[in-house]
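Predicted model and sequence below, questions to follow.
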Amino acid sequence: MKKVLVLLISVSIATMSFAGEGMWLPIFLKSLNETEMQNMGMRMSAEDIYSVNKGSLKDAIVHFGGFCTAEVISSQGLLLTNHHCGYSAIQSHTSLEKNYIRDGFWAASHKHELSNPGLFAKFIVRIDDVSEQILAGVTEEMDEATRQSTIDKNIKSLREATTLKKFEEIEVRPFFKGNQYFSITTITYPDVRLVGAPPEMIGKFGSDTDNWVWPRHTGDFAIFRIYANENNEPAEYSENNVPFKPKHHLPISLDGVEQDDFTLVFGFPGRTNSYLPSYAISQIVDVLNPAKIGIRDQALKIVDAEMRRDPQVKIQYASKFARIANYWKKWIGESQGIKVTDGIGRKQKLEAKFKKVLSKKKNLHKKYGSLLDEFEALYKELEPYALMKGHYDEIVGRNIEIMRAANYMRRLADRYENNGAAAYGKYKNILISRFFDDFYKNYRPEIDQKVFATLMKTYSENAQMGIADPVKKLMLTLGTKDYKELASHLYTKTKFTTKEALYSVLEKAPEEAVKILRADPLFIFTDELAQQYNTQIANQYSEIQAKINKNQRLYMKALMEAFPKQRFYPDANSTLRVTYGKVDGYAPRDAVQYTPVTYLEGIIEKHVEDDYEFHVPERLRKLYELKDYGQYADKTGKVPVCFIGTNHTTGGNSGSPAVDAYGNLIGLNFDRAWEGTMSDYNYDASICRNIMVDVRYILFVIDKYAGARHLIDEMTLVHPKEE
Ligand code: ARG
Ligand code: ASP
């Protein structure tokens, strides 16, 4: 009996240490993670992953444009990232004659590689713990404003005291909710060129239907290259720039991984919230997510119907639809996942444990005894404001397109009144080139009007807390009988529905233009909504949220003091992190078990002739028929396409490399499995999985499908399992 118990305990400890939770700071791997990683099969040292003294994995990882991750895969600065991360770059070079989205793009030589103004690759030179310096002089009694100004002063002096090499920059950022501060030294290369991309039917295969879904068959990759000046230094685009020579590039394994193999994902996760109290999680699941999902449900239904009716609308709205659908789908999975894994119950258990520790430790109790009750009260107070903020952000800020246009016009008018005609002119040109030109290319007022009528009803019906409802007020003034009539009135009268009408206003002298803008009924209405939002929702919201933030900082500290033996990782904040786990399937629901690898066979199975999501290019089907796989098939003779693991990832990790026990590239991270998207709040190793493209599929597409063999020749291909 005893033996069984010991066995059970050691098994559960072993499986616990195999849970993939955590987005770890590269500088603490040695002290916190190395032993566990090696027990899980890793054959590298922490120093091989992150070092400031020698080339390490980190020298091959870049923050790609600030929104995704990419990695260097050749000695000539070749970069690998996701197709969806490179999408707007690819789209910007696309025209009807050169349709790179549809047909793919492969630069025949360096001089054919395409520059992308604004896109950059940022390397991390070093990360340092500067908590002591930054928090010097900060006391627990301080009010928040004094605390912040002390910190700002310390950051300023740290910056002044730091000598940076040419092209380096330093960022000082809060971690662990502001309990610690780290400085990050970076070097940014602004000349990043497009080298290759598969056709959309490979790079975005499965589109929205398969988005967030396992089993998956998307070849979500694109290839770029970093260019530098002749001294290998960062330089703005110039014809004289040459391919960048990295300190390290990732070797690529042709041996792949199997069930339970160690995997490590290295990249720039954007935002997580792993230490929220149970009250916050229930608010997300019960109140905020349902509202946001409901709003997007309505908007997506309207747009979807129009897209099905008219192929032109389909083209105009495809990308916008995908963006709205992406998080709509994520939130649904997130809420379900929290319910299925009892995420709220788990937080409550932790809170009970926390209270128990406090009850035994007087000093902790004195400092932190009231935190949880305060959280409860604060979240209750926040709820109506958070809900209204959610409505405003989603409805006015995102889903009714014309209100975004109107809000830009409000800012433009303000600019004129506050900063004068020159500033107005400058801002007007920026708005036209960066927003409106594009906006009108893909804008259908008649569709937007329907969305307006539907969502304004929702907005108006949710105006709570007894605040005056500007929507109803306007309907009364105008005497319109319903929201449809209101929409029709505004969309007929406004100048914002067409490019011609708006631009003819903007062509006039500033003073006259602003006068016309200010008299536009949609301007007036949007302005009223914004005023009401700012004074009666946003201000209150930020005030309460500031108190919550303070509580959260104290709670984080309290948890670390109450459970001193537990390892903590800081929430994601778009800084470089390591996450590791193993290749593993999962059981999404009763009687269903997913295996961790998909194959080319699955692509063929999903093929639907002429379907915009699932049409498999003929050339790919041909290669499959001929079994022309070259060196890219696995031991069983099949080409693996995607695989999943327990690595803890989030938005921003797209494009991150997945490496094997030795640091060889095996895959490219691009998504998570739907059932586990609650990992941002409540990671659970039983269902949280990240999705990666197998690098052998990527090479197969480059080599066999696209015939871009010269790119393969640049790379370092290895067989770690044979050595
Ligand atoms: N779900 C992934 C992420 O969050 C991929 C999104 C791009 N693909 C799409 N069909 N929208 O970014
Ligand atoms: N698809 C996400 C990204 O673009 C990754 C994720 O949310 O798992 O970063």
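Nice, thanks for sending it over. Ligands and ions are numbered 1, 2, ... in the order given.

Got the confidence number for the closest residue to residue 26 other than its chain neighbours?
Counting by C-beta to C-beta, 6 or more residues apart in numbering, residue 26 lies nearest to residue 50, which is 3.6 Å off, once chain neighbours are set aside. The way it works is simple: take the backbone N, C-alpha and C, and place the C-beta from them, glycine included. pLDDT for residue 50: 98.

again, but for the one 4 residues further on
Residue 54 is assigned a predicted lDDT (pLDDT) of 94.

Can you pull the residues of the stretch 51-200 of the chain lying near ligand 1?
Contact residues, the stretch 51-200 of the chain versus ligand 1 (C-beta under 6 Å from any ligand atom): residue 84.

hang on, residue 293 packs against residue 329?
No - using C-beta atoms under 8 Å, residue 293 is not in contact with residue 329, being 9.2 Å away.

all helices for the stretch 451-600 of the chain, in order.
When secondary structure is read from DSSP state H, counting those that start in this stretch, the stretch 451-600 of the chain shows helices at 470-478, 483-493, 499-506, 510-519, 521-533, 539-562, 600-606.

nearest to residue 391, of these?
helix 521-533 (9.5 Å; C-beta to C-beta).

Packing partners of the closest one?
With contacts defined as 3 or more C-beta pairs under 8 Å, 6 or more residues apart in numbering; DSSP states H and E, the packing partners of helix 521-533 are helix 401-431, helix 470-478, helix 483-493.

tell me the angle of it relative to helix 401-431?
100 degrees (axes from the mean of the first three to the mean of the last three C-alpha atoms, to 10 degrees).

can you pull the buried residues of helix 521-533?
Applying a neighbour-count criterion of 16 or more other C-beta atoms under 10 Å, the buried positions in helix 521-533 are 521, 522, 523, 524, 525, 526, 527, 529, 530, 532, 533.

Show me which residues of this protein sit near ligand 1.
84, 207, 208, 211, 212, 322, 326, 651, 654, 671.

helix, strand or coil for residue 122?
strand (DSSP: H, G, I helix; E, B strand; the rest coil).

I should have written residue 380 there, sorry.
Residue 380 - assigned by three-state DSSP - is helix.

where in the stretch 1-150 of the chain is pLDDT low?
1-19 (pLDDT under 70).

For the residue in the chain positioned nearest to ligand 2, the count of nearby residues, please.
Relative to ligand 2, the nearest point of the chain is residue 654 (3.0 Å; C-beta to the nearest ligand atom). If you count neighbours by other C-beta atoms under 10 Å, residue 654 ends up with 26.

Residue 256 now?
21.

next one: residue 408
20.

ok, it touching residue 435?
Yes - the pair residue 408 / residue 435 is scored as a contact, 6.2 Å apart, by C-beta under 8 Å.

okay if I get the helices of the stretch 451-600 of the chain as TSV plus mean pLDDT and distance to residue 388?
Shown next, in TSV, are the helices of the stretch 451-600 of the chain (pLDDT from 0 to 100; distance: least, C-beta to C-beta, whole Å):
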stretch	mean pLDDT	distance to residue 388
helix 470-478	87	12
helix 483-493	97	18
helix 499-506	97	29
helix 510-519	98	26
helix 521-533	94	8
helix 539-562	98	8
helix 600-606	98	42
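
Just send those helices back as TSV, with distance to residue 379 too.
Formatted as TSV, the helices of the stretch 451-600 of the chain follow (distance: least, C-beta to C-beta, whole Å):
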stretch	distance to residue 379
helix 470-478	27
helix 483-493	32
helix 499-506	42
helix 510-519	39
helix 521-533	21
helix 539-562	7
helix 600-606	43
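
quick revisit: just the buried subset of the residues of the chain next to ligand 1, please.
Counted by 16+ other C-beta under 10 Å, the residues of the chain next to ligand 1 give 84, 207, 208, 211, 212, 326, 651, 654, 671 as buried.

of these, closest to residue 552?
Taking these together and measuring to residue 552 by C-beta to C-beta, the closest member is residue 651, at 20.6 Å.

Doesn't the closest one lie inside a helix?
No - the assignment for residue 651, made by three-state DSSP, is coil rather than a helix.

Look at the closest residue to it other than its chain neighbours and tell me its secondary structure.
Of all residues not flanking residue 651 in the chain, residue 270 sits nearest, at 4.6 Å (C-beta to C-beta, 6+ apart). Assigned by three-state DSSP, the conformation of residue 270 is coil.

Now do the contacts for the most centrally placed residue in the chain.
By C-alpha atoms, centre = their mean, the mean C-alpha position of the chain lies nearest to residue 651, the distance being 2.6 Å. Residue 651 is in contact with 269, 270, 271, counting by C-beta atoms under 8 Å, 6 or more residues apart in numbering.
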